[in-house]
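# coords below, sequence missing:
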């Protein structure tokens with residue numbers, strides 16, 4: 001199977017069918033279908049920002065894919081006259097990309113459907129498809145407004161017109177997450193909207209995947225990874241979302257944990273729900289418990305065996321069996337349902353059965369006591385009482401599995417699974433959600449309680465865990481190559497490096513460094529001549545992900561389905577296989593880590609970056625992430641999970657303080673990361689931008705050092721998010737990009753990123769050397785970070801390649817085309833190119849040429865854009881640009897080895913808002929100051 005075929009399979013399997021009356025779907029050979037909505041052609045393939053900025057080799061859309069199937073005689077006939085009407089309308093109403101970073105509209109302007117057009121189409125077609133698209137992403141949350149979370153006026157009117165003309169209407173959601181869906185049951189729509197399906201953003205194969213599922217060439221088997229509630233206000237986090245100070249008052253009651261406990265009547269479609277064209281029956285589940293349930297290890301095993309039979313006569317399909325549990329509710333209160341395990345069948349033909357055996361350890365049902373109410377403060381405990389297990393195909397309909405009418409497990413007394421120390425608790429009081437009455441019928445009353453506050457002497461904790469210093473020796477002739485042969489030399493190797501050299505290594509460079517694969521996010525490691533040439537430390541590179549490789553030179557790469565869609569497949573082996581392919585592509589592009597998967601919790605459906613993440617459930621999140629991490633590793637590269645932690649919104653994401661209880665922190669928001677750390681070959685983690693309890697994530701000692709490193713035993717690399725700020729680990733002072741001493745003290749190893757060629761120069765003026773000299777920071781802490789960095793590089797693909805030059809210089813041959821009609825630009829000449837206009841660059845001598853220029857951009861500092869310079873139709877140089885605050889800024893794209901001759905060149909901006917004021921191809925010793933590019 002090829003990578004494209006695997007991408008297609010995964011996108012198909014993540015589609016979630018929510019409604020299907022009278023077998024309206026799949027479309028059949030006897031159907032004639034009219035497809036409405038511009039998104040049938042402008043089919044979204046990914047959310048926006050770094051997670052979707054992949055230059056794909058091709059894209060697919062829905063209607064052209066449906067027509068391809070019809071032409072092959074495999075599917076319904078498509079109303080091609082209507083398709084042409086839309087194509088012509090789109091020509092007059094082109095796609096709106098916004099005017100810069102994070103400005104893309106939530107949805108595109110759509111054609112208003114007249115009653116006469118709908119009636120005319122209804123004469124030719126027996127079914128109507130209406131495609132609804134939604135787009136959000138990095139730095140851009142959805143909002144509770146029409147055209148975003150809600151239908152636009154045009155969409156609602158169009159649906160009304162279609163329901164007036166057609167008896168069978170299918171709603172297709174081409175969205176990057178769930179949106180308001182309750183309107184499908186409005187009186188004017190309910191009897192006409194026969195089918196509803198989320199096909200999400202399926203990457204470059206998304207259009208073809210959607211067409212295959214709609215026509216029955218593939219079968220939907222996806223299940224929701226989030227609860228779809230009746231109203232946005234029904235999600236308990238909504239009142240504390242998109243605020244600069246964000247109190248997580250809903251506590252552990254996130255998603256279905258809330259709805260199953262307090263408000264089952266507010267659910268439109270439950271977590272885990274999804275239909276198939278086939279119909280399945282579950283046999284009577286059998287439950288057994290093996291091992292000592294009273295063991296403090298919690299390693300007794302709960303196993304459920306259940307047979308699944310496809311009882312339909314026509315359709316094949318797959319089913320997911322999900323196990324949930326209900327733990328005792330006293331003295332620690334617990335949600336009514338929590339996911340324990342799941343399994344998916346193979347594809348079952350009509351009449352075929354499969355027996356699934358699903359197991360989980362008893363310890364998975366433990367709760368964290370952050371208050372001492374169980375007399376075991378700061379411990380994971382199994383409370384005394386009954387532990388009930390439920391089996392089914394979604395959280396709402398799962399039925400209890402018993403043995404002789406008894407609960408799965410009954411513990412006579414409390415069992416302490418793990419005794420920890422308080423870490424990450426809030427320092428500011430607030431009220432959190434709790435249950436006011438017993439939870440015996442699935443619905444408790446809501447009340448509030450004070451959250452337990454931190455009692456930790458953080459300075460004392462830091463002092464007690466300071467790493468030991470390795471005595472400085474100076475250069476003893478040990479090189480990185482020697483350490484590759486014998487890891488025992490690592491400390492001796494580190495001992496050779498002076499503070500300046502060590503400090504250089506904790507600074508990454510980027511974006512678009514010339515020291516790694518062109519166009520990627522960062523370079524780190526041997527960034528200076530002494531580190532690279534004397535000590536032979538290679539330069540490692542990482543690229544934005546998580547769904548494909550972002551290379552801002554325009555180099556093409558594959559784009560898989562968004563994280564939410566993959567998680568909706570509930571198929572861990574399939575996800576693993578997909579990411580093996582992606583890992584191979586990452587390795588082939590000489591990239592050492594893909595920045596993904598993203599694995600923050602879907603706390604609220606408005607989070608614009610939910611598409612990169614998986615679910616409202618931490619277990620599902622951790623298992624899907626582990627499958628992706630393992631796949632990338634098998635493919636020959638590495639994952640970097642992100643954003644650690646609580647990146648629950650994009651609004652004010654750099655300063656939105658997450659104020660959360662320690663219990664919710666551990667049970668919900670860190671649990672997925674913990675699963676990934678302990679169950680996959682994870683070697684790299686990225687922190688988030690936001691503060692947590694007032695401590696910015698990259699310098700949050702409790703989150704990174706105490707929990708991640710000390711408790712979980714993680715010894716891998718930790719990097720910051722790009723251009724983040726840090727504050728003091730104890731008193732929260734000195735919030736700055738320069739506070740890398742606090743970053744390293746907290747357990748974060750690499751600051752991403754300083755300017756290209758700025759690591760050795762300390763271009764951001766960080767405080768590493770200053771704090772070393774005044775005794776506020778120790779050499780041992782700095783060396784501790786270097787150990788993590790070097791261990792990562794030792795295991796990375798770059799160490800398996802011969803050490804190359806520090807700066808990559810690409811050779812480019814003169815063009816063989818006839819360029820006589822193009823405007824000529826002489827080498828060593830400043831000029832201002834028009835975007836996408838072709839020129840002839842005429843060089844009078846062979847040499848190494850620097851591609852440089854001056855750019856100007858007015859936009860906020862979090863934006864990421866680039867300008868690509870094409871030479872002979874290939875992307876050869878790129879200028880990274882966040883913002884210049886309307887100032888002219890010099891940029892140096894790359895060096896090219898070029899011969900005397902003529903070259904075809906052109907320039908292209910990846911986002912609007914960039915102005916390229918000068919461009920020049922000049923010799924390698926170019927000085928921007930003397931040339932007038934910089935003052």
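That came through, no problem. The model shown is predicted, which means the values in this text are computed figures rather than measured ones.

# So what's the residue count around residue 802?
Around residue 802 sit 5 other residues, with neighbours defined as other C-beta atoms under 10 Å. C-beta here means a position set from N, CA and C on the backbone, and glycine is covered the same way.

# Wasn't it part of a helix?
No - counting by DSSP: H, G, I helix; E, B strand; the rest coil, residue 802 is not found in a helix; it is coil.

# what's near enough to touch it?
For residue 802, no residue counts as a contact, taking C-beta atoms under 8 Å, 6 or more residues apart in numbering as the criterion.

# and it, how far is that from residue 19?
Note on residue 802: its distance to residue 19, by C-beta to C-beta, to the nearest Å, is 58 Å.

# Likewise for residue 135?
Using C-beta to C-beta, one obtains 24 Å as the distance from residue 135 to residue 19.

# Looking only at neighbour counts, state which of these two leads.
residue 135 (25 against 18).

# Hmm, that one is touching residue 47, no?
Yes - using C-beta atoms under 8 Å as the test, residue 135 is close enough to residue 47 to be in contact (6.5 Å).

# overlap in contacts of these two?
Counting by C-beta under 8 Å, 6+ apart, the residues touching both residue 135 and residue 47 are residue 176.

# Give me the neighbour count for residue 831.
Residue neighbour count, defined by other C-beta under 10 Å, stands at 15 for residue 831.

# residue ranges with poor pLDDT in the protein?
438-442, 858-863, 882-885, 924-935 (pLDDT under 70).

# hmm, try it at 80
100, 437-442, 857-865, 880-887, 889-890, 892-893, 911-913, 923-935 (pLDDT under 80).

# So which residues of the stretch 251-400 of the chain form strands?
Shown for the stretch 251-400 of the chain, the strands assigned by DSSP state E, counting those that start in this stretch span residues 267-269, 280-282, 286-290, 301-310, 320-326, 338-344, 353-361, 367-369, 379-382, 385-392, 399-401.

# what sits up against stretch 8-16?
By C-beta under 8 Å, 6+ apart, the list of residues contacting stretch 8-16 from outside reads 1, 197-200, 202-203, 205-206, 208-210, 212-213, 218, 220-224, 273-274, 318, 560-561, 564-569, 571, 574-575, 578.

# Pull out the buried residues from those.
Neighbour-count burial (16 or more other C-beta atoms under 10 Å) is assigned, among the contacts of stretch 8-16, to 197-200, 202-203, 205-206, 208-210, 212-213, 218, 220-224, 273-274, 318, 560-561, 564-569, 571, 574-575, 578.

# returning to that earlier point: could I get the strands of the stretch 251-400 of the chain as CSV with distance to residue 920 and mean neighbour count?
Converted to CSV, the strands of the stretch 251-400 of the chain look like this (distance: least, C-beta to C-beta, whole Å; neighbours: other C-beta atoms under 10 Å):
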stretch, distance to residue 920, mean neighbour count
strand 267-269, 58, 20
strand 280-282, 66, 15
strand 286-290, 73, 15
strand 301-310, 66, 20
strand 320-326, 58, 25
strand 338-344, 57, 22
strand 353-361, 63, 16
strand 367-369, 60, 23
strand 379-382, 62, 22
strand 385-392, 66, 21
strand 399-401, 72, 16
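
# of these, which approaches residue 738 most closely?
Each of these has some distance to residue 738 by C-beta to C-beta; the shortest is strand 367-369, at 36.0 Å.

# Okay, now the sheet partners of that closest one, with direction.
If you go by DSSP bridges, strand 367-369 pairs up with strand 379-382 (antiparallel).

# Can you give me the neighbour number for the spatially closest residue to residue 511 that is not a sequence neighbour?
Closest residue to residue 511 apart from its sequence neighbours, by C-beta to C-beta, 6 or more residues apart in numbering: residue 880 at 4.3 Å. Residue 880 sits with 22 neighbouring residues when counted by other C-beta under 10 Å.

# Only the buried residues of the helix or strand containing residue 880, if you could.
Assigned by DSSP states H and E, residue 880 belongs to strand 874-881. Using 16+ other C-beta under 10 Å as the test for burial, strand 874-881 gives 875, 876, 877, 878, 879, 880, 881.

# Please apply the same query to stretch 497-517.
Burial within stretch 497-517, assessed by neighbour count using 16+ other C-beta under 10 Å, is assigned to 497, 501-517.

# Show only the entries of the residues you listed found in strands.
When these are checked against strands (DSSP state E), the matches are 507, 508, 509.

# Run through the strands of the stretch 651-800 of the chain in chain order.
Counting by DSSP E, counting those that start in this stretch, residue ranges of the strands within the stretch 651-800 of the chain are 657-659, 684-687, 691-692, 695-696, 717-719, 751-754.

# Just send these back as a markdown table, with mean neighbour count and distance to residue 820 too.
Listed next are these as a markdown table, based on neighbours: other C-beta atoms under 10 Å; distance: least, C-beta to C-beta, whole Å:
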| stretch | mean neighbour count | distance to residue 820 |
| --- | --- | --- |
| strand 657-659 | 22 | 62 |
| strand 684-687 | 26 | 50 |
| strand 691-692 | 24 | 60 |
| strand 695-696 | 28 | 58 |
| strand 717-719 | 29 | 50 |
| strand 751-754 | 26 | 43 |
